[in-house]
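[1] dropping a prediction and its sequence here:
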Amino acid sequence: MSEMPAERTVDRSHMQVSDEIAIQITHMNKWYGTFHVLRDINLTVHRGERIVIAGPSGSGKSTLIRCINRLEEHQSGEIIVDGTELSSDLKNIDKIRSEVGMVFQHFNLFPHLTILENCTLAPIWVRKVPRKQATETAMHFLEKVKIPEQANKYPGQLSGGQQQRVAIARSLCMMPRIMLFDEPTSALDPEMIKEVLDTMVELAEEGMTMLCVTHEMGFARQVANRVIFMDQGQIVEQNEPEAFFNNPQHERTKLFLSQILGH
Amino acid sequence: MTETHFVRTQMIEEQEPPGATTGAVGWMRENLFSSPLNAILSLLSLAFIYWLLAQALPWLISPTWQANSLTECREIIAEAGYGGACWGLIRERFLQFIFGFYPPHLYWRVVLDFALLAVALAPILFTGLPRKMLYFSAVYPFLMPWLLWGGTIWTPVMAAVGFVIGYLAQRFLKPVVGDLAATILAFVLPVVWWIFLAGPVPNAFASILPLAIETVESRAFGGYMLSITIGVVAIALSLPIGILLALGRQSDLLIVRSLSVGFIEFIRGVPLITLLFVASTLLNIFMPPGTDFDIILRVIIMVTLFASAYMAEVIRGGLAALPRGQYEAADALGLDFWMAQRLIIMPQALKISIPGIVSTFIGVFKDTTLVSIIGLLDPLGLSRAILADSNWNGIVWEIYGFIAVMFFIFCFSMSRYSMYLERKLRTEHR
């Protein structure tokens, strides 16, 4: 696992956790057919929190964050995002989805649109922002992720790291209040992981509420204010990063950490 | 033995390729004479092409353009001492091949119609043209049948009014009666309009302001004009219907899905000829007595349904090729179903399906020749009548060759256009 570069110091001045609740999950269960993927999940995320979700593959971490914007449907329990409850009501779902940004492992950029069009599409069609203003916003965020010069290229012409940064910019253009990251660096070459992590650190420094499923423990150590460990569809441990890495409680956590940090 | 592995201390600059791999000589060496066997095959192929042309050209170049019968042709050929084909037939019947039995003094209407067709298609086919031209493309479907069949202008106007009613219902009733009800009304109101009012209202208007052009009966239609009319309408309608069927087939709603699957499988399981026979004979039995349901309209409906079923399957292939992530990304950005389909899914699925879609188009256009079996006089139907003419009795190659060349021109253009489109839409490695 690549560690964060030592010279990068994280500016924590804006990283404040407020009392306001961003996401509230209570007694949530999900099944794939008869397979019980998520078992009685209870999780409260405050505004400004940066949570890293870790765990072995198949432990349900991706499924958990995909439930938050209803890419997966939960069968029982309650998920309240930004004060709106997720139910089968389509209006609520669309409302939540436009408030919650998501970054995928495989970027999922729209290959038939240019980088700029990828970024302006949802603001124009969902938020009804005028095209000119949407373009300005898009260029602002493309500059932020440091690829404004690629605006008129197509995703297929960019490297993996650049594509993932575009995907982050595309989400930010919707002005989300919460960002979900589903293994954003897992499909990248080692050389490109850093540029994506840097972008994510900057986002954290600005106080964005973030939930990241990732194996980048360096990122977790530096940026997260809470690490959640999942196994077999359950949250088995959660703690502040220092305590989580130095003093894991659960046997499964110890095993996991020894395996990914052991060499 | 010297050590062969070493570490380069200086990076090597880019160098010229070795000679004779580029240019005309290089191309020939690579593509025609790359090995002794390939060289022999190339020479044999060239010899075969030469032989073919040597046989065909003297027959094709024949001084018989002015002949008025087969006997005259033979005399001219004997006199000239070369040639073989009898082109007088094509000269004499050319206009009939194009216009069928359309009244000659109204030929201009057909020509104008197809010229306008080109204008209406241009902005759809080539995105470089001014977008304002699309307004004309929207008007054209109402103009086209009016120019061909004639009659009062109020009929196409009233048909268009139906669509306007549907649009207004969707637009202005939405806040009043809600989303779903507005959508349903947007379908129901125009249908009510067309069934009950589109008949009497044009008559009323026509009595006030009689704007009409001479009516032409469907039986006067024939030749390429008939093929193009049926082909263009079926092609234009089969794409949107095919898209809806493909989406229906993927729908989560059981009834929508079952209906789509049932329709597609039924139509694909039945030969087009059968459908055309149904159109020409059976349909009239089921209709209430006295209804005059135009034969060309019936044929167009059947050909359209047939093409739509195939189109749906072609597009389903394109949809299946899209990665799941595209749907998820669209969902995660808050796009609703129709937005996601229109902006993300369909542009990509249709692009993937272009070769299949154009193959279906070409198939539909060629299938229009089947209407000759139910007595419509498309080029093939005409050819049979012409062959029975005692003046030209015995001519086969010229007439079928001519029909084939005309079809080839249309189909080949479609094929080239599809390749142009694929090149233009390629965004992967530019």
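    On my side now, so go ahead.

[2] state the helix or strand in which the residue lying farthest from the centre of chain A lies.
    Taking CA atoms, centre = their mean, the residue of chain A most remote from its mean C-alpha position is A:K132, at 28.4 Å. Using DSSP states H and E, A:K132 maps to helix A:131-144.

[3] check A:G161 too.
    With DSSP H and E as the criterion, A:G161 is inside helix A:160-172.

[4] what's that helix packed up against?
    Secondary-structure packing of helix A:160-172 (3 or more CB pairs under 8 Å, 6 or more residues apart in numbering or on different chains; DSSP states H and E): strand A:100-103, helix A:115-125, helix A:131-144, helix A:190-205. Any C-beta I mention is one placed from the backbone N, CA and C, and that applies to glycine too.

[5] ok and the residue in the stretch 1-150 of chain B nearest chain A?
    B:T127 (13.3 Å; CB to the nearest CB).

[6] re earlier: buried ones in the helix holding A:K132?
    A:134-135, A:137-139, A:141-142, A:144 (16 or more other CB atoms under 10 Å in any protein chain shown).

[7] got the residues of chain A near chain B?
    A:69-71, A:90, A:94-95, A:97-98, A:100-102, A:104, A:106-112, A:121-122, A:125-126, A:154-157, A:170-171, A:174 (CB under 8 Å from any CB of the partner chain).

[8] closest to the centroid, which residue in chain A?
    A:F181 (2.0 Å).

[9] that residue should be in a strand, yeah?
    Yes - counting by DSSP: H, G, I helix; E, B strand; the rest coil, A:F181 is found in a strand.

[10] that one contacts A:E216, doesn't it?
    No - judged on CB atoms under 8 Å, A:F181 makes no contact with A:E216 at a distance of 10.1 Å.

[11] quick check: mean pLDDT of stretch B:58-71?
    Averaged over stretch B:58-71, pLDDT sits at 86.

[12] what does stretch B:190-208 give?
    On average, stretch B:190-208 scores 76.

[13] now do stretch A:210-226
    91.

[14] which stretches of chain B form strands?
    B:151-152, B:212-213 (DSSP state E).

[15] over to A:L113. Which of the three states is it?
    Going by three-state DSSP: A:L113 is coil.

[16] who are the neighbours in contact with it?
    A:L113 makes contact with A:121, A:154-155, according to CB atoms under 8 Å, 6 or more residues apart in numbering or on different chains.

[17] tell me the phi and psi of it?
    Phi and psi for A:L113, reported as degrees, to the nearest 10, are phi -120, psi 150.

[18] confidence score at A:V103?
    96.

[19] so where's the stretch 151-263 of chain A shaky on pLDDT?
    Low-confidence segments of the stretch 151-263 of chain A (pLDDT under 70): A:262-263.

[20] go again using 90 as the cut-off
    A:187, A:189-192, A:207, A:215-218, A:222, A:247, A:249-250, A:258-263 (pLDDT under 90).

[21] and the stretch 151-300 of chain B, by the same measure?
    Short version for the stretch 151-300 of chain B, where the test is pLDDT under 90: B:151-220, B:222, B:251-253, B:277-298.

[22] what residue in it comes nearest to chain A?
    B:D179 (10.0 Å).

[23] do you know how far that residue is from B:Q170?
    Per CB to CB, to the nearest Å, B:D179 is found 10 Å from B:Q170.

[24] those two: which is more packed in?
    A count of neighbours by other CB atoms under 10 Å in any protein chain shown puts B:Q170 above the other of B:D179 and B:Q170, at 16 against 12.

[25] show me which residues of the stretch 201-350 of chain B sit near chain A.
    Residues of the stretch 201-350 of chain B found near chain A (CB under 8 Å from any CB) are B:323, B:325-326, B:328-329, B:331-336, B:339, B:343-344, B:347-348.

[26] burial of B:V314, as a residue count?
    Around B:V314 there are 22 residues (other CB under 10 Å).

[27] tell me the contacts of it?
    Counting by CB under 8 Å, 6+ apart, B:V314 has contacts B:242, B:353, B:356-357, B:359-360.

[28] apply 7 Å and report the result again.
    With contact taken as CB atoms under 7 Å, 6 or more residues apart in numbering or on different chains, B:V314 is in contact with B:353, B:356-357, B:360.

[29] ok, those residues vs B:N203, which is closest?
    Nearest to B:N203 among the contacts of B:V314, counting by CB to CB, is B:T360 at 39.7 Å.

[30] A:R177 contacts A:T209, correct?
    Yes - contact criterion CB atoms under 7 Å: A:R177 and A:T209 qualify, at 6.5 Å.

[31] which of these two has more neighbours?
    Of the pair A:R177 and A:T209, A:T209 is the one with more neighbours under other CB under 10 Å, namely 24 against 14.

[32] give me the buried subset of the residues of chain A next to chain B.
    A:69-71, A:94, A:97-98, A:100-102, A:104, A:106-112, A:121-122, A:125-126, A:154-155, A:170-171, A:174.

[33] would JSON lines of the contacts of A:L113 with distance to B:N68 be doable?
    Shown next, in JSON lines, are these (distance: CB to CB, whole Å):
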{"residue": "A:L121", "distance to B:N68": "66"}
{"residue": "A:Y154", "distance to B:N68": "62"}
{"residue": "A:P155", "distance to B:N68": "66"}
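
[34] picking that back up, need the residues touching each of A:R177 and A:T209.
    A:A22.

[35] A:L64: what's it in contact with?
    Neighbours of A:L64 in contact, by CB under 7 Å, 6+ apart: A:38, A:41, A:53.

[36] quick one: the closest residue to A:E191 other than its chain neighbours from A:K194, how far?
    With CB to CB, 6 or more residues apart in numbering or on different chains as the criterion, A:E191 has its nearest non-adjacent residue at 7.6 Å, and that residue is A:G161. When CB to CB is applied, the distance between A:G161 and A:K194 equals 8 Å.

[37] tell me which of the two has more neighbours.
    A count of neighbours by other CB under 10 Å puts A:G161 above the other of A:G161 and A:K194, at 21 against 18.

[38] for the closest residue to B:R131 other than its chain neighbours, which residues are in contact?
    Once flanking residues are discounted, B:R131 sits nearest to B:P123: 6.9 Å by CB to CB, 6+ apart. Neighbour list for B:P123: B:129, B:131, B:133-134, B:137 [criterion: CB under 7 Å, 6+ apart].

[39] how about B:L189?
    B:165-166, B:169.

[40] from the residues you listed, which land in helices?
    B:165-166, B:169 (DSSP state H).
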